[in-house]
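Novice: Return atomic coordinates for the entry below.
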Amino acid sequence: KDLEFEVKTLASQYSFFHWHLIFPQIFKKNIECSHPGWLGGFDVVLGNPPWETVELKEKEYFSVVAPKIANASSRTRKKLLFQLEESNSNLWNNFKQEKQRIGRFSHFLNASKTFTFTDHGRINLYSLFSERAKDLISPQGRLGIIVPPGIATESNTKEFFNDLVESKRIVSLFSFDERAPYFNTVQMRFCLLTLTGSLQPSVANTFVYYATSISELSDSNRSFTLNHEDLLLLNPNTRTSPTFRSRRDADIVKAVYRHVPILENKAHPEKNTWSTNLKTHFNKTTAAPLFRIASDLSSEGWNLAGNRWYKDNDEFLPVYEGKMIWHFNHRAMTYEDQSFRPLAQHELTDPSFLAQPEYWINRNEINIKVPKSYSNLMGGRLISNISNRRTLIYSLFPLSAASHSLLIEFTPQTKSFEYLHISDHSSFIHDYI
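Specialist: From the prediction side, this is the model:
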């Protein structure tokens, strides 16, 4: 009885739901299968799932119940949470229970094998809903679902997307940008994803990106097709969807990629004719203890000279972030009064003016990441955005630490080759490709 009570309690608490029990007329037991399984499915499934990550966001959780904790910096918030158990035990217990609930849910996703492609990494509910909805349609059914464009372009969903392309399940993917006037209260990117059942593979899929109106979806010049071979050609490392603005763009880029190898092919390093190695240095989350701020270093007796801190025979080097560089400019922004700002013209014309970072990291940690022969680094912003006129922002910058927002390129070639790379990566042609 105790076990039965506990099962019923958990079933109510976590809203257990078994499709084959609720819809026995839709899902029938597969007697030919050696393991538990069901046949059938819905003719049509339509959905607009939640777009939330499966994690407890401390800032969001405390935004109403404890704004002081929510608005504090990450470092201060950790101290306040450490004190919360004594200062407000009820709030602490509620927070702990919510954290445990999400932890159990994450464990279920990772351990139950309920999902094949979307149960790992930084899990978002929309990807789980998408995979489950795909499995709920009959072999001749159709699925229509509203999800973020990341279903096709983000790393966490690449295996799911690649399976959809390879199995020819995608009928269409229509992606709208923020300017699309379909939500009155918020500007947001979204896509309409249509899938077909397993026994009705799509003969030719249709992709449209950056649409702002329904009429663009029927414009043959705006759409393009994408198959498994295209993914291996264009994005062999990520196997995510390219986001072309037109059919002509897709045709041109595919033709270029058939004749010129990509910069780095991780799956087939023997094909890497450019001899480059792309890496990120320090992640602000996983390497948080290494990041130091100016006030801490100053209080510990370190002396600032330029944008480096010195004490005895040791030094802390600046942490460069993506926002600090621009084409041919390693001083695009500087940190001042707890925020970044662009350098003024008179500061840019002064060669002695150095951009200040928000954080510094010890030289010994940097030596582990960077070969001793390097006196400067070369890299680009890992993420751009649609408001930038340029998609790849690349630059040389002084030897330093680099946050995860910068992708560093190491090459054994000569300095002249390095300068040629900078020129190429900063060109409009490279931006287009």
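Novice: Quick one: residues contacting residue 314.
Specialist: Contacts here follow Cβ atoms under 8 Å, 6 or more residues apart in numbering; on that basis residue 314 touches 362, 363, 364. All C-beta atoms are positioned from the backbone trio N, CA, C, and that covers glycine.
Novice: what ranges of this structure fall below the confidence cut-off?
Specialist: 1, 31-37, 180, 184-186, 385-388, 413 (pLDDT under 70).
Novice: repeat that for 80
Specialist: 1, 29-38, 73-75, 178-187, 261, 263-277, 373, 383-390, 411-418, 431-433 (pLDDT under 80).
Novice: Need the single longest helix in it, by residues.
Specialist: When the chain is parsed with DSSP state H, its longest helix is helix 89-111.
Novice: The contacts of residue 314, buried ones only, as a ChimeraX selection?
Specialist: To isolate the buried ones among the contacts of residue 314 in ChimeraX, judged by 16 or more other Cβ atoms under 10 Å, type:
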select :363
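Novice: what's the helix or strand for residue 64?
Specialist: helix 58-65 (DSSP states H and E).
Novice: among the contacts of residue 314, which are in strands?
Specialist: residue 362 (DSSP state E).
Novice: Could you count how many residues lie near the closest residue to residue 298 other than its chain neighbours?
Specialist: With Cβ to Cβ, 6 or more residues apart in numbering as the criterion, residue 298 has its nearest non-adjacent residue at 7.3 Å, and that residue is residue 304. Residue 304 has 14 neighbours, counted by other Cβ atoms under 10 Å.
Novice: you'd agree residue 304 is in a helix?
Specialist: No. Under DSSP: H, G, I helix; E, B strand; the rest coil, residue 304 falls outside any helix and is assigned strand.
Novice: I figured it hits residue 294, correct?
Specialist: Yes. Between residue 304 and residue 294 a contact is recorded at 7.3 Å, counting by Cβ atoms under 8 Å.
Novice: ok so, going back, after the longest helix of the chain comes which helix or strand?
Specialist: helix 125-136.
Novice: now for the very next helix or strand once past that following helix, which elements pack on it?
Specialist: Scanning forward in sequence from helix 125-136 by DSSP H and E, the next helix or strand is strand 137-147. Packing partners of strand 137-147 (3 or more Cβ pairs under 8 Å, 6 or more residues apart in numbering; DSSP states H and E): strand 42-47, helix 125-136, strand 190-196.
Novice: Is it possible to get TSV of the ones you listed that adds mean neighbour count and distance to residue 107?
Specialist: Output for those, formatted as TSV (neighbours: other Cβ atoms under 10 Å; distance: least, Cβ to Cβ, whole Å):
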stretch	mean neighbour count	distance to residue 107
strand 42-47	14	25
helix 125-136	20	14
strand 190-196	21	28
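Novice: export those to TSV and tack on distance to residue 326?
Specialist: Shown next, in TSV, are the helices and strands packed on strand 137-147 (distance: least, Cβ to Cβ, whole Å):
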stretch	distance to residue 326
strand 42-47	42
helix 125-136	34
strand 190-196	30
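Novice: For residue 3, which of the ones you listed is the nearest?
Specialist: helix 125-136 (28.2 Å; Cβ to Cβ).
Novice: which residues are contacting the closest one?
Specialist: Contacts for helix 125-136 (Cβ under 8 Å, 6+ apart): 19, 41-42, 45, 47, 49-54, 109, 115-119, 143, 145, 147-148, 151, 156-157, 160, 164, 169, 193, 195.
Novice: again, 6 Å this time
Specialist: 41-42, 45, 47, 49-52, 115, 117-118, 143, 145, 147, 157, 160, 195 (Cβ atoms under 6 Å, 6 or more residues apart in numbering).
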